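K.L.:
Provide a 3D model corresponding to the input given below.
(chains A and B)
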Amino acid sequence: MSAASDTAKIQRPPAPPRGWSRQRIMGWVFVCIWIALGAGLVTYLFSAWNPELFAKYAPSYLSGLRVTLVLVAISIILGAILSVPICYARMSKNRVLNAISYGYVYFFRGTPLLAQTFLIYYGFGSFRPQLEAVGLWGFFREAWYCAVFAFALNTAAYQAEILRGAIESVGKGQWEAASALGLSKLQTLYKVILPQALIVALRPYGNEIILMIKGSAIVAIITVYDLMGETRRAFSRTFDFQTYLWAALLYLSLVETLRHLVDWIERRITRHLHR
Amino acid sequence: MQSVWALLSFGPEGWGDDIAYGVLVTVSLALVTLPLGLLIGFLVALAKQSSEASMRLAGNIYTTIFRGLPELLTLFLVFYGAQIGIQQAVRLVRPEAVVEINSFVAGMIALGVVFSSYASEVFLSAFRAIPRGQYEGGFSVGLSPRQTMRLVILPQLVRIALPGLSNLWLILLKDTALVSAVGLTDIVRQSSIAARVTKHAFMFFGVACLIYLALAIISSFGIHAIERWVGKREAQR
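P.N.:
Reported below is the predicted structural model:
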């Protein structure tokens, strides 16, 4: 046995020499450009390092980061709750429910989040007397609540579509088999359909959270001091470009952490599907 | 109290002409960004499916950075960063020069790099859907690698990538709203000004939303037409 493997080792031809093809040189040129840019960024941040600036703005960056995370978390959770009835209406056979939910989803997916936020924050101000009459003016006066409201409505539309896609990805036979076993519709959904659907939905949900984190930067425009808002404030006071670079590094590490986390969860919950 | 129709008319009293100009800016920005983003995206996808590890690494770094940054931040980085960078460069020659970067160009570059990083992923998955035999077939009838790409691979690639790309086009159309933050007079900017002057904020932002919806609906008609056209060519094969 060992003799056979020895001959195989001896007879194997040498690997062809890997020359410096044009593609390989180009590839290394690009990698070197990235390395140079990274090194340039580090040296710039190092040379522009200003302890006074850092001491003054580091706490506000941290509070901005917290505002961003809280904003995204609340709107994702509210959106998830809201997306269930929308998804139900979207999948129901009732024509009226179907049309309303279709219109809702189409509107919120077809218009920019910025325009929706403006519509709610500035637009609802037009109805101040009416809102005061019902006692909701205190809610719509605050930029923070308006942002949460707009984001929750927006992400609900996207999440409803994710949920619908995931539920429809489970075969019809699963429903039929469950009803043949005498499970009720609700039991089927919880015990049979959702466990399979959520595996499909995990990646889109992760993408949606990442999109919300990136999209939440626009609340800076309506005077909510999230990470982007704090950055804009710091830049407008110091005119120091490194403020934006620090924000970029923070956002990038946030998104990358989340992406790897979703990858890890997906690997973990699909273990039974890999051979 | 002016009536709604007077406010939206095209006369000197109305804001219709201003908003129409905003629509023109939004649409032209999106249309100019599209070819730029598609070109860069295609090149990055080529790098990412290359056999050289260094090429793949360079492409992946590009995608990771520009998919991870918020679009608004990318826009500010381009707008202020380019301004400061060019200013520093110009000051070496003429110390008193003041550089003002065009917000349209800044918007085009920022949206272009974001679009291209997503488009490269769409192109990459389309490349992976084309079997190796197609390349080998091209080589075996004597086509050069470049000819194989142009005559054999690209026509199939476009067909596979089209749904993903049309999705990205709709996202791009919505992302153009962000350029209002750097002072470009697009739909959102014009309706903000109108809202501030007339105090009819809900109506003007509602109109802005409806215009974006209309643009999305028009685009989906266009996309259907392109899909039918591409599909017809496939049927003739």
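K.L.:
which positions in the stretch 51-200 of chain A make contact with chain B?
P.N.:
A:106-107, A:110-116, A:118-119, A:122-127 (CB under 8 Å from any CB of the partner chain). For glycine as for every other residue, the C-beta is placed from the backbone atoms N, C-alpha and C.
K.L.:
ends of stretch A:165-174, how far apart?
P.N.:
In stretch A:165-174, first residue to last residue: 16 Å (CA to CA, to the nearest Å).
K.L.:
in it, what's buried?
P.N.:
A:Ala166, A:Ile167, A:Val170 (16 or more other CB atoms under 10 Å in any protein chain shown).
K.L.:
tell me where chain B has helices.
P.N.:
Ranges of helices in chain B, per DSSP state H, are B:4-8, B:16-48, B:53-68, B:71-93, B:103-129, B:132-140, B:145-147, B:154-175, B:187-198, B:201-236.
K.L.:
now mean neighbour count, mean pLDDT and distance to chain A too, for those, in a markdown table please.
P.N.:
Putting the helices of chain B into a markdown table (neighbours: other CB atoms under 10 Å in any protein chain shown; pLDDT from 0 to 100; distance: least, CB to the nearest CB, whole Å) gives the following:
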| stretch | mean neighbour count | mean pLDDT | distance to chain A |
| --- | --- | --- | --- |
| helix B:4-8 | 13 | 74 | 12 |
| helix B:16-48 | 19 | 94 | 7 |
| helix B:53-68 | 19 | 93 | 3 |
| helix B:71-93 | 18 | 88 | 4 |
| helix B:103-129 | 21 | 94 | 10 |
| helix B:132-140 | 12 | 93 | 15 |
| helix B:145-147 | 11 | 91 | 11 |
| helix B:154-175 | 18 | 92 | 4 |
| helix B:187-198 | 21 | 90 | 6 |
| helix B:201-236 | 16 | 88 | 4 |
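K.L.:
columns distance to A:Leu249 on top of the ones you listed, output as TSV?
P.N.:
What follows is those, written out as TSV (distance: least, CB to CB, whole Å):
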stretch	distance to A:Leu249
helix B:4-8	45
helix B:16-48	22
helix B:53-68	10
helix B:71-93	11
helix B:103-129	17
helix B:132-140	40
helix B:145-147	40
helix B:154-175	22
helix B:187-198	29
helix B:201-236	32
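K.L.:
so which residue is dead centre in chain A?
P.N.:
In chain A, the C-alpha nearest the mean C-alpha coordinate belongs to A:Ile210, at 1.7 Å (CA atoms, centre = their mean).
K.L.:
and that one, how far from chain B?
P.N.:
Distance, A:Ile210 to chain B, using CB to the nearest CB, to the nearest Å: 8 Å.
K.L.:
tell me the contacts of residue 50?
P.N.:
Here I'm looking at chain A. Contacts for A:Asn50 (CB atoms under 8 Å, 6 or more residues apart in numbering or on different chains) come out as A:Asp240.
K.L.:
that's the other chain; I wanted chain B
P.N.:
Contacts of B:Ser50 were listed using CB under 8 Å, 6+ apart, and they are A:Gln23, A:Gly27, B:Arg56, B:Gly59.
K.L.:
where does the second one sit: helix, strand or coil?
P.N.:
Right, the one you point to is A:Gly27. helix (DSSP: H, G, I helix; E, B strand; the rest coil).
K.L.:
just to check, it is in contact with B:Ser51?
P.N.:
No - counting by CB atoms under 8 Å, A:Gly27 stays clear of B:Ser51, with 9.8 Å between them.
K.L.:
ok, these two, which is more surrounded?
P.N.:
A:Gly27 (22 against 10; other CB atoms under 10 Å in any protein chain shown).
K.L.:
list the buried ones in the helix or strand containing the residue nearest to the centre of chain A?
P.N.:
Applying DSSP states H and E as the criterion places A:Ile210 in helix A:194-215. Neighbour-count burial for helix A:194-215, counted by 16+ other CB under 10 Å, picks out A:194, A:197, A:199-202, A:204-206, A:208-215.
K.L.:
related to what we said a few turns ago, just send the contacts of B:Ser50 back as JSON lines, with distance to A:Lys93 too.
P.N.:
Below are the contacts of B:Ser50 laid out as JSON lines (distance: CB to CB, whole Å):
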{"residue": "A:Gln23", "distance to A:Lys93": "56"}
{"residue": "A:Gly27", "distance to A:Lys93": "55"}
{"residue": "B:Arg56", "distance to A:Lys93": "48"}
{"residue": "B:Gly59", "distance to A:Lys93": "47"}
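K.L.:
A:Ala220: which of these is nearest?
P.N.:
B:Gly59 (30.9 Å; CB to CB).
K.L.:
one step back: point out the ones among the residues of the stretch 51-200 of chain A next to chain B that are inside helices.
P.N.:
Among those, the members found in helices (DSSP H) are A:Tyr106, A:Phe107, A:Gly110, A:Leu113, A:Leu114, A:Ala115, A:Gln116, A:Phe118, A:Leu119.
K.L.:
which of these sits closest to B:Ser180?
P.N.:
A:Leu114 (7.3 Å).
K.L.:
the closest one against A:Ile221, yeah?
P.N.:
Yes - A:Leu114 is within contact range of A:Ile221, at 7.1 Å (criterion: CB under 8 Å).
K.L.:
neighbour-wise, which of these two wins?
P.N.:
Under the criterion of other CB under 10 Å, the comparison of A:Leu114 against A:Ile221 puts A:Leu114 first, with 24 against 21.
K.L.:
got the contact list for that one?
P.N.:
Counting by CB under 8 Å, 6+ apart, A:Leu114 touches A:Ile218, A:Ile221, B:Ala177, B:Leu178, B:Ser180, B:Val188.
K.L.:
in space, what's closest to the last one - neighbours in sequence excluded?
P.N.:
To tie it back to what came earlier, the one meant is B:Val188. Nearest residue to B:Val188 in three dimensions, chain neighbours excluded: B:Ser180, at 4.2 Å (CB to CB, 6 or more residues apart in numbering or on different chains).
K.L.:
any idea how far the one you found is from B:Val105?
P.N.:
16 Å (CB to CB, to the nearest Å).
K.L.:
same deal with A:Ala234?
P.N.:
26 Å.
K.L.:
same check on A:Pro14?
P.N.:
The value you get for A:Pro14 to B:Val105, if CB to CB is used, is 54 Å.
K.L.:
go on, B:Pro12?
P.N.:
B:Pro12 is 31 Å from B:Val105, by CB to CB.
K.L.:
in stretch A:86-98, what counts as buried?
P.N.:
The neighbour-count criterion (16+ other CB under 10 Å) identifies A:Ile86, A:Cys87, A:Ala89, A:Arg90, A:Leu97 as the buried residues of stretch A:86-98.
K.L.:
and the two most separated of these?
P.N.:
A:Cys87 and A:Leu97 (11.2 Å).
K.L.:
what's the pLDDT at A:Arg128?
P.N.:
On pLDDT, A:Arg128 comes in at 84.
K.L.:
quick one: contacts for it?
P.N.:
Neighbours of A:Arg128 in contact, by CB under 8 Å, 6+ apart: A:Trp137.
K.L.:
that one and chain B: what is the separation?
P.N.:
Separation of A:Arg128 from chain B (CB to the nearest CB): 10 Å.
K.L.:
equivalent analysis for A:Ala197, please.
P.N.:
22 Å.
K.L.:
just give the closest residue to that residue, not the sequence neighbours.
P.N.:
A:Ala166 (3.9 Å).
K.L.:
quick one: buried residues of the helix or strand where that neighbour lies?
P.N.:
Taking DSSP H and E as the definition, one finds A:Ala166 inside helix A:143-169. Neighbour-count burial for helix A:143-169 flags A:143-164, A:166-167 (criterion: 16+ other CB under 10 Å).
K.L.:
likewise for stretch B:95-103?
P.N.:
In stretch B:95-103, the ones that count as buried by 16+ other CB under 10 Å are B:Ile101, B:Ser103.
K.L.:
next one: that stretch to chain centre, how far?
P.N.:
Stretch B:95-103 has its C-alpha centroid displaced from the chain centroid by 26 Å (CA atoms, centre = their mean, to the nearest Å).
K.L.:
can you give the contact residues for it?
P.N.:
B:Phe79, B:Ala82, B:Gln83, B:Ile86, B:Gln87, B:Val90, B:Arg91, B:Val179, B:Val182, B:Gly183, B:Leu184.
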